[in-house]
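[1] return atomic coordinates for the entry below.
(one chain, ligands or ions: 2)
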Amino acid sequence: MKFSPKCPKIRYNTIMSAKNTTEQKKHPAGKLIVLLYYKFVQIPDPSYEVFLHKKVCESIGLKGRILIAEEGINGTVCGTRRQVEEYKRFCNGHSLFGGIVFKESRAIEQPFPKMIIKERPEIVTLRHKVDLKNTGKYVKPEELHDMLERGEDVMMIDMRNNYEYKVGRFENAIQPDTDKFYELPEKVKEMKDLKDKKIVTYCTGGIRCEKASALLVEEGFADVGQLEGGIVKYLEKYPDGHFIGKNFVFDARMTTNGDTESGKQVLAKCEHCGKPCDQYRDCTKPDCHQLFIGCEDCVKKYDGLCPVAVKDLEKMAR
Ligand SMILES: [Zn+2]
Ligand SMILES: [Zn+2]
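    Ligands and ions are numbered 1, 2, ... in the order given. Take a look at the predicted model:
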C-alpha cells in the first residue's frame, strides 16, 4: 500500500548522536532495560493513580512515558535492571496492575529525557468504541513463527502507522495506510476484500491490536488473530526470524533490532536522494521538527533539514 508523504511530529530532546550509534555496534545488548507494557483494566480514579505513579517512579528513578485512563494503563519506562524490577514489584503488589506482561528491549543510554505520567481519555487513541471482549484470538510468537515457516496462507496486517511500517515489518505484511491510529476505523472499510482471509494483526507491543482486532471482528472479518506481545515479544524469541528491517520505537533510540541479519535489511529510502536508507532524523528547522529518513550525505548537504524545509528555503531564495 502507498505511503503518505507526511511524517509524524515527534519532538525529542535527545536524538541519538552518531557517537552513540558506534557504541551500539560495540555493545549491541546495552545495559539499560526498556519495559513496554499495558493492561486494560477498569480504573475508578485515574488521577489518583497518576499521582501515586509519579511518587513511585520518582523514588525509583525511572524515566519514560505512562498513560493512565479509566480503561487501563500503557507505559514505556527505562532504567537499570534493579530499577525496572522494583517497578514490576510495585505493579504486581497493586490491586489493579497485577499480572502485567512486561516486554523488554535494551538501550545503551537513557532514551527518555524525563518521566511523563498523564491521564488520558484512552490509553491508545482510536476514538471509536470497541468491545474489548471481542478481540481477535491471541497468537503466540511461536505459533506465528511456525505458521510463517510452514508458509501458511495467512494475511498479516500491520496495525502501526506508515512511518513505522516503512523501516521494518513482517515479510509480506500489509498496512492500512494510516498516519495515526485513529484513522483505522475509516481505513478498515476499504479492506472488505480481506473479510474471509485468515488474518493475524500485529503492532509494537500488542496494545493497538487489542482495539484493532476487535474492530475487525466488529466489521465482520471471519478469522482474526492478534500477535500476543507484538513485535517486541516476537523479537525476544526470534531476533532473526520473519520480521525484517528495524523495529520503530517511540524514544530516542528511534529503532531497535538493527544488529541482526534480518534487522540489517534496509527497506526504506532517503527522502532526499532515494538511496536505500532507514535512518530517521529530526528536522533541524526549529519550527518543523518533522521526522524524516535521510542518508549521511544528504544530512550534511542540507544541514539536517527535511525535504519540505529545503523546498521552502528554495522558494524563499527565488
Ligand atoms: Zn540521501
Ligand atoms: Zn523540516
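[2] look up how far residue 252 lies from the residue of the stretch 51-200 of the chain found nearest ligand 2.
    Closest residue of the stretch 51-200 of the chain to ligand 2, Cβ to the ion: residue 163 (14.1 Å). All C-beta atoms are positioned from the backbone trio N, CA, C, and that covers glycine. Using Cβ to Cβ, to the nearest Å, residue 163 is found at 16 Å from residue 252.
[3] what is the mean pLDDT for the helix or strand containing the residue of the stretch 51-200 of the chain closest to ligand 2?
    Under the criterion of DSSP states H and E, residue 163 resides in helix 162-167. Model confidence over helix 162-167 averages 97 on the pLDDT scale.
[4] and stretch 296-316, by the same measure?
    95.
[5] for it, buried residues please.
    298-299, 302, 304-310 (16 or more other Cβ atoms under 10 Å).
[6] just the endpoints, please. Distance across that stretch?
    One end of stretch 296-316 to the other measures 25 Å (Cα to Cα, to the nearest Å).
[7] what mean pLDDT does stretch 211-227 have?
    97.
[8] no, scratch that, I was asking about stretch 113-124
    Stretch 113-124 comes out at a mean pLDDT of 97.
[9] and the end-to-end length of it?
    22 Å.
[10] all further residue positions should be reported with the first residue as 29.
    Okay, residue one is now 29; in that scheme the one you just asked about reads as stretch 141-152.
[11] in that stretch, what's buried?
    Buried-residue list, stretch 141-152, by 16+ other Cβ under 10 Å: 143, 145, 147, 150-152.
[12] return the distance of that stretch from the chain's centre.
    15 Å (Cα atoms, centre = their mean, to the nearest Å).
[13] repeat that for stretch 220-237.
    15 Å.
[14] how about it as CSV, C-alpha atoms only?
    Extracted in CSV, the C-alpha atoms of stretch 220-237 (Å, rounded to 0.1, in the frame of the first residue of the first chain):
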residue,chain,number,x,y,z
LYS,A,220,-13.6,-5.6,2.8
ASP,A,221,-12.0,-7.9,0.3
LEU,A,222,-10.0,-9.5,3.1
LYS,A,223,-13.0,-10.4,5.2
ASP,A,224,-12.8,-14.2,4.6
LYS,A,225,-9.0,-14.4,4.9
LYS,A,226,-7.1,-15.8,7.8
ILE,A,227,-5.7,-12.7,9.4
VAL,A,228,-3.1,-12.0,12.1
THR,A,229,-2.7,-8.4,13.2
TYR,A,230,0.4,-7.1,14.9
CYS,A,231,1.8,-3.9,16.4
THR,A,232,4.8,-2.9,18.5
GLY,A,233,3.8,-4.4,21.9
GLY,A,234,0.3,-5.6,21.3
ILE,A,235,-1.8,-2.8,22.7
ARG,A,236,-3.0,-1.4,19.4
CYS,A,237,-4.1,-4.9,18.2
